[in-house]
Each structure stands twice: as structure tokens, then as C-alpha cells.
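Colleague: Below: sequence and its predicted model.
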Amino acid sequence: MVDASGFDFGTAMIPKEKYTCPAFMEREWAALWTKVWLLACREDAIPEPGDYYVHDVGRESILVVRQQDDTVRAFYNVCQHRGNRVAPPGLGHTDDTLKCGYHHWEYDLSGRISRIPDIETFPQGAPCHGLVELACDSWGSFVWFTMNPEPEPLLEYLQPLPDQLDRYHFERMIMTRDWTVEWDCNWKTSVDAFNESYHVQGIHPQLLYYLDDFKVRIDCFGRHSRYIVPFATVSHRVGETTEIPPLIKLIMRDADMDPADFDGRVEDVRRAVQRWKREHSPEVGLDYSELEDDQLTDDYNYLIFPNVTLNTHADDLMLFRHRPHPTDPNRMYFDLQNFRLLKSDEEPPPRRPRHRHFKHGEKSLGLVLDQDAANLPRVQAGMHSTAFEGLWLGKQETRIRHFHKVIADYLERDPRDGGREGP
Amino acid sequence: MDLGLQGGKAIVTGASRGIGRRIAELLAEEGCDIALCARADSRVADAVESLEKRGVRAFGSALNVRDGERYVQWLSEAREALGGVDLFIANVSAGGGMDGKDSERDWYRNFEIDVLAAVRGCELLADAMKDSSRAAIVMIGEALSGEAFGPPLAYNALKSALATHAKQLSHALAPSGIRVNAMAPGPAAFEGSRWEMLEYADPKLYNATVRQHPSRRLSTADEIARYAVFLASPAASWVNGTQIPVDGGFSQRIGF
């Protein structure tokens, strides 16, 4: 049975308008997106002074730039001349200035205007400031920013996750995939799909012989949340098999265990993999010393509010970022990033994977994510039906309730929004 | 037709679940005392209880047949406990993955569990079985070992070895009054079976396999077990050295 003890966010229906209504999307923008800390990119994506990364979120575009002194600063990616985007989305580098492509206004790495062609033709002179800066900080090998002009410090915002996540040492991991996929659903429809394991039986039946979707521990921490799903085991919904299921054999082989030499029962595999990894990690150069045994097999799935899902494992991290569309509540961008722990004597590859952008269905994301992706537009479309009023959530979906509570808290806190009636 | 099993003494390997369990239960219903082994304590206890409910004596031991020394010792203990042996059902199997990723160790695994456990059982029990008037050995093979099905698997190849051994052994033991047969069950779906898992884990393969069955379904454990019990019984006294598919017509070959 799912264990969400200690967390009770009521039983009310969640109105569907939170997923479908442009007005609610506007409220989210004003009260939430412009207040929270958001993930920009990996520190190692912009290692050298002059390296920059442009991140689009909703209607804004953010420019994150490595400075000469090795710090990172973030700016709204908008030229103060006519409003053009200074740089296109993604990674880039400049040896001297950031130059707007429209009329070649130039900004130095710290955002100051360094050159305006034909400045003498502007009787009013140059604008009094350059690129507009926003708060920017680093944690966990990632760069974060916030549009909130009076933000709490990043580390406070993330509490209490850093203590739990630092032990995975994301900084020892390298990126192996960097994809963006356009999905026809609200960004929260996507967040929800990874905030509960209740859908495994319906959408991912093959995983019933890989993980226990029912014996899940749920924790809500302030604005963030987590669940722990036991991997390398058979779900309580199906019977234990006499043979080790193929996906569990895969877990064993990934740990360099030969399933042919395992004579125990299928339900013993998970502990055996944990023991094996613990025992053999020093010789293969993988350091698990800060991790608990369960972390060597299980999926510790975190939501860093509002839009970063982390599937943390001892040897890898699968990160999902759910980005809202600028105007349409029925569309979003799903960023899929994979990371792999380097062995102690392993050199990082010379090049990071190229970022790739697809429309839904253009490219397989792997069976499990394809199954999720195929379903999400159907959920979004169904929510618009007159026959549907809202989400009827159970205990296994406690994280979704918590997520909505945190969103509601943000909306309430916003002076322009507080107390407003409606979804 | 009376199968003639009343008062028989049977040893069944790998009999806590699935086909082996069903064979043991049917033998018990025919009046045989049973000794069985399997890996898990709790499941062995459960099987023994279910057999005793059928009014026979049942002895169960939790062991891994790969541990040859322990297995051979158990066979002797089982023979002692039963007070002789009429039937030996070599059922235990390591099974086979469907991924075609068998390592060299998988070959040893299938050899030790599927083949060697059968061979050792026959060797150790043949002497005691000579005293029986209804001695029979049944080896559980595999219908797909006679077919080119799926990727290369140690499991299929070694199930073939078992069938060959059953035939040769039938000639060697016939003068002592011991019949030896193999049987070749096709895909069976029951709790804990590979095919039950594949229905979820690989629905494409599962559905294609169901469609290839003339009856558009897989067998139950009971349908396999009933034939095994017949084969083991004196009612099959003139059946010797065979390997008959029990697969609902799934396999394509015609054995003349």
C-alpha cells in the first residue's frame, strides 16, 4: 500500500480550469513563474568566460552568461533598443560582446551597453541601463535564476532537498541526452504524469515486472515533494515469477551481475543488487559511500517546485523540465536530460550531447516515455469536455494535491491575486 | 479408466508452483504419497499443506538443485521417507529468458538445473525403482525446443538434450521395468509463469503467440499436468521412450 502518512491535503476536486483556462495561466505567470527559482542549465554547459545559455520560459527568455571572474549572471534576453532577443535559445559563446542581430547594439558580459552604432543619431543618448539583470545562483552543478526582484536565497528556496540530493554528486555526472519535445498539454498535466505511480498499471504494464508501483513512500517537503519507488522487484499487483523478468535482468547486468548465477527468488534480487553494488563499487570506481542501500536500486523521484522532476539513481539522473507555452495552456515544452555518473578514472567525453528539439511523435523517447507522451494529449483534450469537471484524486496522487496546494499558496500570496475567486 | 496410481510413491522436483505443483496435486488426488523440493521455504510448506489436505503423506524440502550434494542427499531422504519410489517427475527448470542474451553462465545454469538434476535423479533412484511394479520417469521438456522459436536460448537447446537422454534411458531401463518418457509442453499461462509475465512485459510477443495457437489461447498448468500424470501412470504402460508435444497443436512439425 502507498505510504503518504503525515500528509493530508483534503479530498476536494481539483477544478479542470487550472489546466485549461488562459486566465488561470495568466495568474500563474504573475504569481508563480515570476516568483520562483527556475533551472537554467548545467554549470559545465557554460564553463568559460563568454559562454552563455539562453533559456525560454513562458513569455520570457533568459540569458545566463559566464563572467570573466568565473561567476555566472543572468539577464532578460531582450535588447533595450527595440526589444529584439539578443541571442537565440541554447548555448553560445562570445569572445567579446553580446551583439543584437537587429541593429548591432552590443553588450559586454556584465550586460552593460558597450556599443551603439551611430550613437550620435540618438539625441536622447543611450538607455540608462543595459540588459536587465535577475538573480542567479548555483546548486547541485546546475545554474538557477529567478525573476523575483526580492527572492529568498536559492538554498533556502530548495530546502530541504540539498541535503538529500547532494549525496548523489550530480557534479560527478555527465550529460548524455539533451532533448526538448513539444507536447500538446498543459505543463501541469506533464508534471502530474510523473508525480504518481498509480498510472503504471494502465500506461506502463511492462513495468509491473520491474518496479513496485504500489509500495511507494510519498513525502512532501514545503513546496517540493518526493516519492520512492522500489526498483528491481515485481509489483504487488502481479505474482512473483519463477524466472527473473527481463527488465530486472537488465538492472543486474547494468551492475555487472550475471543473472545466470543468481539462484535466489525474484523477490530477493533487489537486496542482492544492493549488496553487490555496495561490495563491488570500489573496484569499478563508483563511489556510493554517501548513499543508503535502497538508493542503490530504487527510484527517488523528486519534484523541485514548480517544474523540475528528478529521477535520481545511484548511477544516473533523469531530469524532466516542464516548461509552459508562452500563451497556450494546452501546449508545453518537455525537456528531457539524462546524466550518468562517471567512474573515478573515467575522463568526461570531449563534447556534450547536442541539444535536439522535436515535435511530439517525431522521435522515440524510449518505450516508457513514449507511453506517457502518447497519453498526455488525450488527457488534455479530455479535460476540455463538458462532461469533466475536475481531477478526482486518491491517496496515491497525494503529490498532485500537494502540488496544487503550493500553487494555490503562491496565488494567494500575490497581492494582485490574493483572495480572488475562481479556480 | 483407473490410472492405477493408488498407493504410489512419487518424487517431484520444482513442485511448489506451476506445472510441478499441479502434477503433485493430481498425483496426490490419485492416491500417491509425494516428496517434493523447491527453492522457497514458505512455498514448499504451502505445497505440502495442500497435498496433505488430499489425504496423502507429503514431504517437502527447500533446496536448490544446483547444489548437487544437497540435492542427491535429499533424493535419498525422500526415498527413505516415502519407503520406496514408483515415480520420478523431473520437472524443475531454470527457464529461459526471451531476450537472446544468454551468457555462458546461462548454459551452465540450464545444464545444471534442467538436465543434471534430471540425470542425477534417474541415476540415484533407478535402483529403488527396480523394485516397483509401476516404475516410471517423466521428464518435462519443451515444445519449442523442437522449433526455431525466438532467439537462440540455452534453455531450448538443453531441453532437447533432456529429450534425447529420456529416449536413451528408456532403452537402458526398460529391462528393469522402468519406463522413461519426456513430454513437451507448449506455452502455458499460470500464476508466476513466464507467459503470464510476457502478457504484460511483452504484449506483442504474447498476443502473436496466442494467435499462433489453433485454439487462440495458451494452456493452463492443469492441461500439462494431466498428461504428465497419465504418462507416469500404469495406464500408459506401453508408452515408452516418447516425447509428445502437449501444446494445443501449437508446434508445426509432424512426427511420423
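Modeller: Thanks, I have it. Note that this is a predicted model, so its numbers are computed, not measured.

Colleague: how about the nearest residue to B:Gly8 once chain neighbours are set aside, what does it touch?
Modeller: Nearest non-adjacent residue to B:Gly8, counting by CB to CB, 6 or more residues apart in numbering or on different chains: B:Cys32, 4.0 Å away. Placement of C-beta: from N, CA and C, glycine included. B:Cys32 makes contact with B:5-10, B:56, B:86-87 under the criterion CB atoms under 8 Å, 6 or more residues apart in numbering or on different chains.

Colleague: burial of the residue in the stretch 151-256 of chain B positioned nearest to chain A, as a residue count?
Modeller: In the stretch 151-256 of chain B, the residue that lies nearest chain A is B:Tyr200 (4.3 Å; CB to the nearest CB). B:Tyr200 is flanked by 20 other residues according to other CB atoms under 10 Å in any protein chain shown.

Colleague: Confirm that it sits in a strand.
Modeller: No: counting by DSSP: H, G, I helix; E, B strand; the rest coil, B:Tyr200 is located in no strand; its state is helix.

Colleague: residues in contact with it?
Modeller: B:Tyr200 sits next to A:205-206, A:208-209, A:238 when contact means CB under 8 Å, 6+ apart.

Colleague: Ok, B:Ser233 next?
Modeller: B:3-5, B:30, B:134, B:136.

Colleague: same question, A:Asn338
Modeller: A:Asn338 neighbours (CB under 8 Å, 6+ apart): A:175-177, A:316-319.

Colleague: and it, what helix or strand is that in?
Modeller: Secondary structure from DSSP states H and E places A:Asn338 in strand A:332-341.

Colleague: For that strand, which strands pair with it and how are they oriented?
Modeller: strand A:173-183 (antiparallel), strand A:316-324 (antiparallel) (DSSP bridges).

Colleague: Which of the contacts of B:Cys32 fall within strands?
Modeller: Residues of the contacts of B:Cys32 located in strands (DSSP state E): B:9-10, B:87.

Colleague: Turn the residues you listed into JSON lines, columns for distance to A:Glu389 and pLDDT.
Modeller: Below are the ones in strands among the contacts of B:Cys32 laid out as JSON lines (distance: CB to CB, whole Å; pLDDT from 0 to 100):
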{"residue": "B:Lys9", "distance to A:Glu389": "67", "pLDDT": "98"}
{"residue": "B:Ala10", "distance to A:Glu389": "62", "pLDDT": "98"}
{"residue": "B:Leu87", "distance to A:Glu389": "65", "pLDDT": "98"}
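
Colleague: What average pLDDT does the longest strand belonging to chain B get?
Modeller: Using DSSP E, we find that the single longest strand of chain B is strand B:178-185. Averaged across strand B:178-185, the pLDDT comes to 97.

Colleague: partners of that strand, with directions?
Modeller: Strand B:178-185 has the following strand partners under DSSP bridges: strand B:135-140 (parallel), strand B:243-246 (parallel).

Colleague: ok so, going back, got the phi/psi numbers for the residue nearest to B:Gly8?
Modeller: When quoted as degrees, to the nearest 10, the phi and psi of B:Cys32 stand at phi -90, psi 140.

Colleague: check the contacts of B:Tyr200 against chain B, which are close?
Modeller: When CB under 8 Å from any CB of the partner chain is applied, the members of these adjacent to chain B are A:205-206, A:208-209, A:238.
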